[in-house]
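K.L.:
Return a 3D structure for these sequence lines:
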Amino acid sequence: MSKPLILASTSPFRKQLLDKLNLSFSCCSPEVDETPLENESPQDLVLRLAKLKAAAGAAQFTEGVVIGSDQVAVIDNKIIGKPLNRETAIEQLSQSSGQSITFYTGLALQDIKSGQVEAIVEPFIVHFRALSQKAISRYVDIEQPFYCAGSFKCEGLGIALFERLEGKDPNTLVGLPLISLIDLLHRQGIEVL
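P.N.:
As a prediction, this is how the structure comes out:
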């Protein structure tokens, strides 16, 4: 690999995903205000934040390629965030029961020296089973998904909540679309294999 690779994220989930590619990389904490702008669509929000995170990471290094990513979950055309507590997690999953939720993940790569940025938004749709309140409470108590958008961990027991998943790359749901990332890295001269 010719250029250092930097993940502009403090998410342990994104770090685990990037580890799958067996590339050497470092992490940094991008300090970015994630507040949506007035009338900003979910897609525009995650694209803007992915670019801002990549730029914030790029400002901390002198060379390399920085990966920025952001994700939101949308139900009934409204962004739902991380629940942060049991009650909100139960409320979110109750609202999701029998519904389809779209996750939008923004991904940006910035070459530090040239300033070149490539960015995409990748959708992923989760179709939920009809869930009983007992099942929802049991799930929340077992996995405590308080820091996960949509109140579930698809890489764990959360898979039991779904009827089906629809999207290009299941890694997108966890927060980093690896198939698209591999394509963007290739264009930056970084080969995974």
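
K.L.:
any idea where the strands of this structure begin and end?
P.N.:
Using DSSP state E, the strands of the chain run over residues 5-8, 26-28, 65-75, 78-80, 100-111, 117-128, 162-167.

K.L.:
Helices along this protein, start to end?
P.N.:
Assigned by DSSP state H, the chain shows helices spanning 12-19, 42-58, 86-96, 133-143, 171-174, 178-187.

K.L.:
any idea which of the ones you listed is most buried?
P.N.:
Counting by mean count of other CB atoms under 10 Å, helix 171-174 has the highest mean neighbour count of the helices of the chain, with a mean of 24. Placement of C-beta: from N, CA and C, glycine included.

K.L.:
which residues does the residue nearest to Asp141 when sequence neighbours are not counted contact?
P.N.:
Once flanking residues are discounted, Asp141 sits nearest to Arg86: 7.7 Å by CB to CB, 6 or more residues apart in numbering. With contacts defined as CB atoms under 8 Å, 6 or more residues apart in numbering, Arg86 is in contact with 140-141, 144, 146.

K.L.:
One more: Leu52?
P.N.:
Shown in contact with Leu52 (CB under 8 Å, 6+ apart): 30, 32, 68.

K.L.:
Derive a ChimeraX selection command for the buried subset of these.
P.N.:
Buried subset of these, written as a ChimeraX selection, criterion 16 or more other CB atoms under 10 Å:
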select :30,32,68
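
K.L.:
closest to Asp19 among the contacts of Leu52?
P.N.:
Of all the contacts of Leu52, Gly68 has the smallest distance to Asp19: 17.6 Å, by CB to CB.

K.L.:
Nice, that's everything, thank you.
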